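Chemist: here is my input, please return the structure:
(one chain, ligands or ions: 1)
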Amino acid sequence: MKRRNFIFDIFSVGIVSAMSTKLRAVNLNFTPMVRSISTWKTTEANQKAGQMLDKGEHALDAAVAGVAIEEENPKNTTVGYGGAPDRTGKVTLDACVMNHLGDCGSVVAVENIVNVARLAKDVMEKTPHVMLSGKGAEEFAISQGYKKTDLLTDQSKKEWEEWLKDQDYRPIINIENHDTIGMLCIDKNNNLSGACTTSGLAYKMKGRVGDSPIIGSGLFIDNKIGGAVATGLGEEVVKTVGSFLVVELMRQGLSPQEACEKAVKRIVSNNSQENKFQVAYIAMNKKGEVGSYSIEPGFTYMDYVNGKNKEVFSKSEL
Ligand code: SD4
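Modeler: Predicted coordinates:
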């Protein structure tokens, strides 16, 4: 080796090692970002999850505890206790969870159990399966110590009886501005997880299941890339495997915002304008950047970051 090259090599090794010492020093001071986002004006739920993340709790625990607030809220007529029933008067719930390892759990058409996102997590952690349905899911819940609860409140019974008079079935857009809750969390270990929980569409056919408990449709997480959740007319989300699509678009280099927009446009281009319905996505990538997009205006989501929880008005196609 020539003397000049040798000196150059020694010099560059010195710079590189000084730089990596500096980088290590920077990394030691690096406080990983935590963030929680959730569909609709689910303020308390998102606050709960965000505060848990601030305390260092894992993303999945935060998401499940966050969405439980809406599951227990009788005023939310599209989630958990107080959710609108199917057309036979039965409240049936759907939920799923997915964690940073790619593990997932799901329950569909469950009656008499309030915290179905937690139940989906139990399916993931305590059974050899991914999905349990109906009676089987309910019996599993009881075996795990869940309380049996009649999910039909006096108010939702009254509204259903009113609906029975003319039985006009059409998906309602932006119901009371709080709706199915899908939540995405990133924790201090830079791990992503999510949960999605719903009573589905009001006055659906008995046995109908939407997108919310379907991994890849209602929710998808890839810890290397990001996560997405959907809300709105489940049938349309399922047709394009919506949440998976959003994550795959982020894998191709799109930002969470661009990915949500492209996935919504895919649905819009498959449908005629007369066919009015809402679908919305929220997404978060591995850097904690977020995005959202909906077909109809009026969709909002909650964003907890740097200790602040705010409602964000989503951009929409129409
Ligand atoms: C469903 N996607 O069952 C759910 C309903 C929903 O906002 O999200 N409503 O189709």
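Chemist: what sits closest to the most centrally placed residue in the chain if chain neighbours are left out?
Modeler: Nearest to the geometric centre of the chain sits residue 182, at 3.0 Å (Cα atoms, centre = their mean). Distance criterion Cβ to Cβ, 6 or more residues apart in numbering; nearest residue to residue 182, sequence neighbours excluded, is residue 229 at 2.9 Å. C-betas here are computed from N, CA, C, even on glycine.
Chemist: in this structure the one you found contacts residue 244, no?
Modeler: No: Residue 229 is beyond contact range of residue 244, at 11.3 Å (criterion: Cβ atoms under 8 Å).
Chemist: is any residue of whichever strand or helix holds residue 36 near the ligand?
Modeler: In this assignment (DSSP states H and E), residue 36 forms part of strand 35-39. No: using Cβ under 6 Å from any ligand atom, strand 35-39 stays clear of the ligand, with a minimum separation of 7.5 Å.
Chemist: who are the packing partners of the next helix or strand after that strand?
Modeler: The helix or strand immediately downstream of strand 35-39 is helix 43-54, counting by DSSP H and E. The criterion is 3 or more Cβ pairs under 8 Å, 6 or more residues apart in numbering; DSSP states H and E, and the helices and strands that helix 43-54 contacts are strand 35-39, helix 59-71, strand 181-186, strand 300-305, strand 308-313.
Chemist: is it possible to export these to CSV including mean pLDDT and distance to residue 234?
Modeler: Conversion of the helices and strands packed on helix 43-54 to CSV gives the following (pLDDT from 0 to 100; distance: least, Cβ to Cβ, whole Å):
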stretch, mean pLDDT, distance to residue 234
strand 35-39, 98, 13
helix 59-71, 98, 17
strand 181-186, 98, 12
strand 300-305, 97, 18
strand 308-313, 98, 23
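Chemist: any chance of a markdown table for the ones you listed, columns distance to residue 269?
Modeler: Shown next, in a markdown table, are the helices and strands packed on helix 43-54 (distance: least, Cβ to Cβ, whole Å):
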| stretch | distance to residue 269 |
| --- | --- |
| strand 35-39 | 23 |
| helix 59-71 | 31 |
| strand 181-186 | 23 |
| strand 300-305 | 24 |
| strand 308-313 | 24 |
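Chemist: with respect to burial, which of these scores highest?
Modeler: For those, average neighbour numbers computed from mean count of other Cβ atoms under 10 Å are highest in strand 181-186, which has a mean of 33.
Chemist: partner strands of that one, with direction?
Modeler: Here strand 181-186 is paired, per DSSP bridges, with strand 35-39 (antiparallel), strand 192-198 (antiparallel).
Chemist: sorry, back to before: quick one: closest of the helices and strands packed on helix 43-54 to residue 165.
Modeler: Of all those, helix 59-71 sits nearest to residue 165, with 28.8 Å by Cβ to Cβ.
Chemist: that closest one vs helix 43-54, what angle?
Modeler: 160 degrees (axes from the mean of the first three to the mean of the last three Cα atoms, to 10 degrees).
Chemist: so which residues make contact with helix 59-71?
Modeler: With contact meaning Cβ atoms under 8 Å, 6 or more residues apart in numbering, helix 59-71 is reached by 36, 38, 42, 44-46, 48-50, 52-53, 76, 79-81, 95, 97, 99-100, 114-118, 121, 178, 181, 183-187, 191-197.
Chemist: try it again at 7 Å.
Modeler: Outside helix 59-71, the residues that touch it by Cβ atoms under 7 Å, 6 or more residues apart in numbering are 36, 38, 42, 44-46, 48-49, 52-53, 76, 79-81, 97, 99-100, 114-118, 121, 181, 183, 185-187, 191-195, 197.
Chemist: hmm, which of those are the buried ones?
Modeler: 36, 38, 42, 45-46, 48-49, 52-53, 76, 79-81, 97, 99-100, 114-118, 121, 181, 183, 185-187, 191-195, 197 (16 or more other Cβ atoms under 10 Å).
Chemist: got a list of what the residue nearest to residue 234 when sequence neighbours are not counted touches?
Modeler: Nearest residue to residue 234 in three dimensions, chain neighbours excluded: residue 210, at 2.5 Å (Cβ to Cβ, 6+ apart). The neighbours of residue 210, taking Cβ under 7 Å, 6+ apart as the test, are 94, 198, 200-201, 234-235.
Chemist: which non-adjacent residue is nearest the residue in the stretch 1-150 of the chain that the ligand sits nearest to?
Modeler: Nearest residue of the stretch 1-150 of the chain to the ligand (Cβ to the nearest ligand atom) works out as residue 78 at 5.5 Å. Leaving aside its chain neighbours, residue 78 sits nearest to residue 179 (4.9 Å; criterion: Cβ to Cβ, 6+ apart).
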